[in-house]
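Visitor: Below are the sequence and a predicted model for it; my questions follow.
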Amino acid sequence: MRVTIADVAREAGVSKTTVSRVINLKGEVDGSTAARVREVIADLGYVPSSGAVGLARGSSRTVGMLVPSLTWPWMGEVLQGVVDTVEAADYGLLLFTCNRGAESVERFTTQVSARAFDGLVVVEPENTLDHLTALHRSGLPIVLIDDRGHHPEFPSVVTTNHEGGASAARHLRAAGRTRPLVVTGPKHFGCVRDRLAGFRSVLPTELVVDGDFTERRGRLAVEELLAAGTEFDSVFAHNDISAAGVLRALRAAGRRVPDDIAVVGFDDIPMAEHTEPPLTTVHQPTRQMGEAAARLLLSHLGGTAVPDGPVVLPTELVVRHSAP
C-alpha cells in the first residue's frame, strides 16, 4: 500500500501538520524534529503529492501548454522546443488540446481554476483569444506563439511572415519568373495576410487562390487553373503541405518542376526535403519559437519584466531543387 503522510507522522511521533511543514520548507520546526521527520520519510519511501506541495509553496513548478491540435505539421517542433526549455528549468508540462471543441476548453478551464500550473504557453486555438485575455487579466501569466496578427495584451513570440513572403518573391524574380501564382492559407490568419503582402511588395500579382493549408487545396488550385488555360511560371504556396499538392498536380499534368514552373513553400517541415523534387521553402524557426516562448514565461514567473512588444525570430529561405 502507498505510504501516507499519516504513516510518516505516526512513525516520527509528530503531527501531520509538522510533517507538512517539513516537506514544504516552512522553517517552523526545530532542527532535530525536522531531521527525524526527513529520516522517517527516507526510511518509509514516502513520496508527497507534487500538486499538494506546489499549492502549499504557492507554485506548482508546472507550465501549461494549450494548442489546437497535435496534428499540425510543425506542432511537434514547437512542442519539443517548449519541453526542452521547461524540463531544463526543472518544471513539468501539462499539455491541452482543443480537439473536442468546447468540451476541451471546459476541461482546460477546470485545470486553470485548480491552479494546476503556474503559467501558460499557447498556440491559439480558434475563437479562444477573448477567453485567454480574460485569464491573463485575472493574473495567469500567458505567452502566445504566433499571434496571427491579433497583437494580444500578453507577450508573444512571432516570426517574420512579411519578410518570408518577400524573400520568396525576390528569389523567384531573380530566377526570371514573372507570372506567379499564390496559394494562400485561411484569410483570417494574420500570418497569411503578412505572407501575401510581403510577396506582393516584391512581385505584384493578382493570381491568388484562397487556400486552407491542405494538400488537397494546393492540388485543386493548380488543376483548376491549368484546366482553364491560365498560365503561370511559378507558385508560392503558403505552407509546405499545400506546396506538396501543387507539386503533385504539376507532375500529373506533365509540367516540369522547376523547368516549366518553379515552386516555393513555407515552414520547412521535415517533409520538404523529401518531396519530388525537394522543396524550396521559407524556413520558420518553429522549435526556436517554442524555446523562446518557454524562456519568456519562465523569466516572467521568476519576476523578470516581460518585453512590451513581441519577440521576433527571423525566417530564412532554404533553396532546393523545386526553385533553384
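Guide: Cool, got the structure.
Visitor: ok, how many other residues are close to Arg137?
Guide: Taking other CB atoms under 10 Å as the criterion, the count of residues near Arg137 is 10. Heads up, the C-betas are built off the backbone N, CA and C, glycines and all.
Visitor: In stretch 270-288, which residues are buried?
Guide: 271-272, 275, 277, 279-288 (16 or more other CB atoms under 10 Å).
Visitor: what about that stretch, how long is it end to end?
Guide: 15 Å (CA to CA, to the nearest Å).
Visitor: Can you name the residues in contact with that stretch?
Guide: By CB atoms under 8 Å, 6 or more residues apart in numbering, the residues outside stretch 270-288 that reach it are 73-74, 77-78, 80-81, 159, 164-165, 167-168, 171, 240-241, 243-244, 247, 251, 257-258, 262-268, 313-324.
Visitor: again, only using 6 Å
Guide: Residues from elsewhere that reach stretch 270-288 (CB atoms under 6 Å, 6 or more residues apart in numbering): 74, 77-78, 80-81, 159, 164, 168, 240, 243-244, 247, 264-268, 313, 315-323.
Visitor: Buried members of those residues into PyMOL, please.
Guide: To isolate the buried ones among the contacts of stretch 270-288 in PyMOL, judged by 16+ other CB under 10 Å, type:
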select buried, resi 74+77+78+81+159+164+168+240+243+244+247+264+265+266+267+268+313+315+317+318+320+322+323
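Visitor: taking the contacts of stretch 270-288 one by one, which sit in strands?
Guide: If you go by DSSP state E, those have 159, 264-267, 313, 316-318 in strands.
Visitor: what about the closest residue to Thr230 other than its chain neighbours, neighbour count?
Guide: Spatial nearest neighbour of Thr230, chain neighbours left out: Leu207 (7.1 Å); criterion: CB to CB, 6 or more residues apart in numbering. Neighbour count for Leu207, taken as other CB under 10 Å: 14.
Visitor: Leu207 and Leu144, how far apart?
Guide: 33 Å (CB to CB, to the nearest Å).
Visitor: Can you measure across stretch 124-138, start residue to end residue?
Guide: OK, stretch 124-138 end separation, CA to CA: 18 Å.
Visitor: Flag every buried residue along it.
Guide: Within stretch 124-138, judged by 16+ other CB under 10 Å, the buried ones are 124-125, 128-129, 132, 135-136.
Visitor: got the residue ranges for the strands in the protein?
Guide: 62-67, 92-97, 119-122, 142-145, 156-159, 180-183, 208-209, 234-237, 262-267, 280-283, 311-313, 316-318.
Visitor: so of those, which one's packed in deepest?
Guide: strand 234-237 (a mean of 31; mean count of other CB atoms under 10 Å).
Visitor: Tell me the strands beside it, with direction?
Guide: strand 180-183 (parallel), strand 262-267 (parallel) (DSSP bridges).
Visitor: which stretches of the chain have low pLDDT?
Guide: 1, 24-27, 47-58, 113-115, 148-151 (pLDDT under 70).
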